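# my questions are about this predicted structure, shown below with the sequence.
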Amino acid sequence: MEENFDPNTDPLNTEENQQDTITKVTGMYKDWFLDYASYVILERAVPAIEDGFKPVQRRIMHALKELDDGRYNKVANVVGHTMQYHPHGDASIADAMVQLGQKDILIDTQGNWGNILTGDRAAASRYIEARLSKFALDVVYSPKITEWQLSYDGRKKEPVNLPVKFPLLLAQGAEGIAVGLSTKVLPHNFVELIDASIKHLKGKKFTIYPDFPTAGIMDAANYNDGNRGGKIRIRAKISQFDKNTLVITEIPYGTNTSSLIDSILKANDKGKIKIKRIEDNTAANVEILVHLPSGISPDKTIDALYAFTACESSISPLGCIIEDNKPLFIGVSEMLRRSTDYTVELLKSELEIQLQELEEQWHFASLERIFIENRIYRDIEEEETWEGVISAIDKGLQPHIKHLKRAVTEEDITRLTEIRIKRISKFDIDKAQQKIEALEEEIAQVKHDLEHLIEYAIEYFTRLKKTYGKERGRKTEIRAFDNIEAAKVVVRNTKLYVNREEGFIGTSLRRDEYVTDCSDIDDVIVFTKEGKMMITKVGSKTFVGKDIIHVAVFKRNDKRTIYNMIYKDGKGGASYIKRFFVSGVTRDKEYVLTQGKKLSDVTYFTDNPNGEAEIVTVHLRQAGSIKKLKWDIDFADVLIKGRGSKGNIVTKYAVKRIELKEKGVSTLKPRKIWFDETVKRLNVDGRGELLGEFRGEDRLLIINQKGFVKTIIPEMTTHFDDDMIVLQKWNPKKPISAIYFDGEKERYYVKRFLIENEGKEELFISENPKSQLEIVATDWRPVAEVEFAKIRGKEQKPKMEVDLEGFIAIKGLKALGNQLTTEKIKQINLLDPLPYEEPEEVPTEEIEVVDEEDVNSKGDDGQVAMDLE
């Protein structure tokens, strides 16, 4: 039978019990988040500036030192030992230890520790071994100056910070995500850090840049000293293996060969690049072969790999460290200064302790000599009590201790009583004096070092560099990058169609007229019959306006493509002629190319990639008293302006038709091209060395140290090899002269030749692997100087000058050439060429592209108003 429950009579619900058990929720959690955030920041994620370690790393290093006996220890054993100090699981400790070992600075590893290049994981901790490196033993530990604290459970002592006498944080790098903040300190070069520390100690300025174990190429222009807001760009090192194969030999930091290959395959699947297959031959060094289909440009593919794959990545550093139990945001230069200053303080502390120990040794050695030499030990023979012994020795020492640096204590006397009889009987006064003098020399040296602490620290860093820096040169090449325009290097992975009458363009209109191949990131420029223009992104189907007269893939900032147009200004209006270019525009905005009147109509239109100017014939309709119904117009007489220009009047009468009479040639100035050695790229912006002025058919001559020669059409996307020795504008009539060593015949040969196969790379020295190119010249009349080797017992043969033009006639590229000499050659040098007058080129008539605002107003009739009869 149920009873009625009355809450008022429940003894647990009294007012007194309610006050004891109810706690406000806000009171429970208001400090929890701050406590947790502080713990994660200080105890897990962010390294300390003093030693560069996170707590787990510091505890691993402490455990390794405790276990150190010179032999390798199982990592599982080290992990178990570290758990005495680190209140977390073995997996996190093992992972942290593997990361330390892979940095190859502090831990000497044995076994499969994984591969940072391929991304392969390390073997289980029970299968791999580790011990401290010699460098770690040298710079990380110094128990006498280490501050200690109790471990988390109070059973052990662990270091608060290890006395690391090196900018270890910058050498290893660090990355961590805490609560409310993160840190990303990039690794730097070992030797460069030492050099920077020495410069800081000398009061000189220094600059340091990251250096990555995966090597690669880095643009650190925006590094910003590793502060927040900085950024570096890093690229894989890609070169051309052969005409259809690229080879990747270095990869960006933060990637591995597996992730890099995956990104390349994804870009290929999306149609951004075209590749045939990939081979990964990576072992100790990276080697990824990218095979290309025939007809695909290797240069454009290299740029596309940088634009669309993980072959280029950006890294944003963030310098956050712990100092005095607080997070601090500073740059890498300031980190190095603080670390170097901290190293100086540690060295000072070590010297002070060493001085104190040496002075104690000198003090006791002096007491021992006095005690034995003056036979004070005999004074205690009659003493029966310990106090009497102490008093007798003290009394015996008094006449001899005036030169000591401190007073004699009872502890000193006690040590004297512990000297064995055997030692007293074999005591050698001369040796004792030599020991004291040696100690005095050491004391003087330590005092000198303390007085000249900065010089001592510089010597310390210099020793580290000499001892440990031999094989730690820079791996990552620092180079300025050019910006790659994705639209210029993307593979044309789809087709563009147009329905001119209805006014649609797109990639899905397969039943309509084919225009060109394009990519899905391209822009398209469209002109309509009523004199309107629009630029829009490639889509499946886009309406742009009826009666399309021209559609093409748009090249932004292209001032060399010139549009020639004649239009009628409204119903019954006059006809105008204009030439214009289209550079920057707003996408999907309709631009009017006429004067905007209704029923305006384009009667003639052409696009000209190199500014060609044709001649057209204008036919008028028969009306009234018009005497001249037909005449020719040359577009070369029309000034090139912007798209908004009105143009020049052709006629005010009705035009029947306009016919092409004669195709035109380019009226644009030759394009000046420069080569920027810093980024190894061509440009038209005036950066680097001017190569010359180039028209459409002009080519570049390229010769490399291996003896290959080729000519190419200059393109801004072209990549150049590091062993290139000649890059200049090619003159087809100008011979190339070369002296090379033939590996088979072991003789030097001279040859002169002309290039016969444009665009084909050919070897012009013999194919023997020992053959090598000595000198190559592109002057008309080059001269070489031959220096002969000295033969023992004979006089030095004088140098020989060789006029290469007179030495050999021009022959074929594959000809062996004439033997230079039978004598043994020490060196061959190029001298100044003989004088030669080059034939002058007859310049073509040129016109310069100018912006609309740069042209002086010429009135409504413009430049070439037509005379009408």
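Structure's in. What do you need?
# need phi/psi at Ile712.
For Ile712, the backbone dihedrals (degrees, to the nearest 10) come out as phi -140, psi 160.
# ok, it - contacts?
By C-beta atoms under 8 Å, 6 or more residues apart in numbering, the residues touching Ile712 are Arg699, Leu700, Ile702, Thr718, Gly759. For the C-beta atoms, the positions are set from N, CA and C on the backbone; glycine is no exception.
# quickly list what it is bridged to.
Note on Ile712: beta-bridge partners by DSSP bridges are Leu700.
# tell me what the strand or helix carrying Thr516 is packed against?
In the assignment (DSSP states H and E), Thr516 maps to strand 513-518. Other helices and strands packing on strand 513-518, by 3 or more C-beta pairs under 8 Å, 6 or more residues apart in numbering; DSSP states H and E, are strand 494-499, strand 548-553.
# next secondary structure after the first one?
The element immediately downstream of strand 494-499 (helix or strand, assigned by DSSP H and E) is strand 504-506.
# who are the packing partners of that next one?
Checking 3+ C-beta pairs under 8 Å, 6+ apart, strand 504-506 ends up next to strand 494-499, strand 542-543.
# now what about the longest one, what contacts it?
Residues external to strand 494-499 that are found in contact with it (C-beta under 8 Å, 6+ apart): 271, 504-510, 512-520, 524, 538, 548, 551, 553.
# how far away from the center of its chain is it?
40 Å (C-alpha atoms, centre = their mean, to the nearest Å).
# same check on stretch 566-585?
The answer for stretch 566-585 is 49 Å, by C-alpha atoms, centre = their mean.
# how about stretch 255-262?
The chain centre lies 17 Å from the centre of stretch 255-262; the measure is C-alpha atoms, centre = their mean.
# next, the buried residues of the helix or strand hosting Ser263.
Secondary structure from DSSP H and E places Ser263 in helix 257-269. Neighbour counts over helix 257-269 (16 or more other C-beta atoms under 10 Å) mark Thr257, Leu260, Ile261, Ser263, Ile264, Ala267, Asn268 as buried.
# touching, the second one and Tyr253? I think so.
Same thing as Leu260. No - applying C-beta atoms under 8 Å as the test, Leu260 and Tyr253 come out as separate, 11.8 Å apart.
# any residues touching the strand holding Thr516, and which ones?
492, 494-500, 505, 507, 524, 538, 551-553.
# just checking: what are the partner strands of it?
In the sheet, strand 513-518 lines up against strand 494-499 (antiparallel) (DSSP bridges).
# give me the angle between the partner strand and strand 548-553.
Here the directions of strand 494-499 and strand 548-553 differ by 170 degrees (axes from the mean of the first three to the mean of the last three C-alpha atoms, to 10 degrees).
# for strand 494-499, output the C-alpha coordinates as CSV.
Written as CSV, here are the backbone C-alpha positions of strand 494-499 (Å, rounded to 0.1, in the frame of the first residue of the first chain):
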residue,chain,number,x,y,z
THR,A,494,37.7,21.2,-71.6
LYS,A,495,36.3,22.7,-74.8
LEU,A,496,34.5,26.0,-75.3
TYR,A,497,31.5,26.2,-77.7
VAL,A,498,29.4,29.2,-78.9
ASN,A,499,25.8,29.7,-80.2
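# just the buried positions in that strand, please.
Applying 16+ other C-beta under 10 Å to strand 494-499 flags Thr494, Leu496, Tyr497, Val498, Asn499 as buried.
# same check on stretch 351-359?
Leu351, Gln354, Leu355, Leu358, Glu359.
# which residues touch the last one?
Glu359 makes contacts with Lys405, Ile443, as judged by C-beta under 8 Å, 6+ apart.
# and it, how close does it get to Val750?
Distance, Glu359 to Val750, by C-beta to C-beta, to the nearest Å: 78 Å.
# swap in Ser583?
Ser583 is 51 Å from Val750, by C-beta to C-beta.
# again with Lys243
Taking C-beta to C-beta, one finds Lys243 at 30 Å from Val750.
# try Ala124
Going from Ala124 to Val750 by C-beta to C-beta gives 65 Å.
# ok, these two, which is more surrounded?
Each of Ala124 and Val750 has its neighbours counted (other C-beta atoms under 10 Å); Val750 has more, 20 against 12.
# quick one: contacts of the strand or helix carrying Val750?
For Val750, the host element (DSSP H and E) is strand 747-753. Here strand 747-753 makes contact (C-beta under 8 Å, 6+ apart) with 735-742, 764, 774, 802, 804-805, 807-813, 815-822, 825, 828.
# just the buried residues out of the residues you listed, in PyMOL syntax.
With 16+ other C-beta under 10 Å as the criterion, this PyMOL line picks the buried residues out of the contacts of strand 747-753:
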select buried, resi 735+736+737+738+739+740+741+742+764+774+802+804+805+807+808+817+820+825+828
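# quick one: the helices in the stretch 101-250 of the chain?
134-139, 168-172, 190-201 (DSSP state H, counting those that start in this stretch).
# low-confidence regions, this protein specifically.
Residues of the chain meeting the criterion pLDDT under 70: 1-30, 839-869.
# looking at it, which helix is longest?
helix 332-373 (DSSP state H).
# ok and it relative to helix 190-201, angle-wise?
Taking the same axes, to 10 degrees, one finds that helix 332-373 is oriented at 80 degrees with respect to helix 190-201.
# next secondary structure element downstream of helix 332-373?
Next helix or strand after helix 332-373 toward the C-terminus (DSSP H and E): helix 386-397.
# list the neighbouring strands of whichever helix or strand Ile278 is part of plus their orientation.
Ile278 belongs to strand 277-280 when assigned by DSSP H and E. For strand 277-280, the paired strands and their directions (DSSP bridges) are strand 288-291 (antiparallel).
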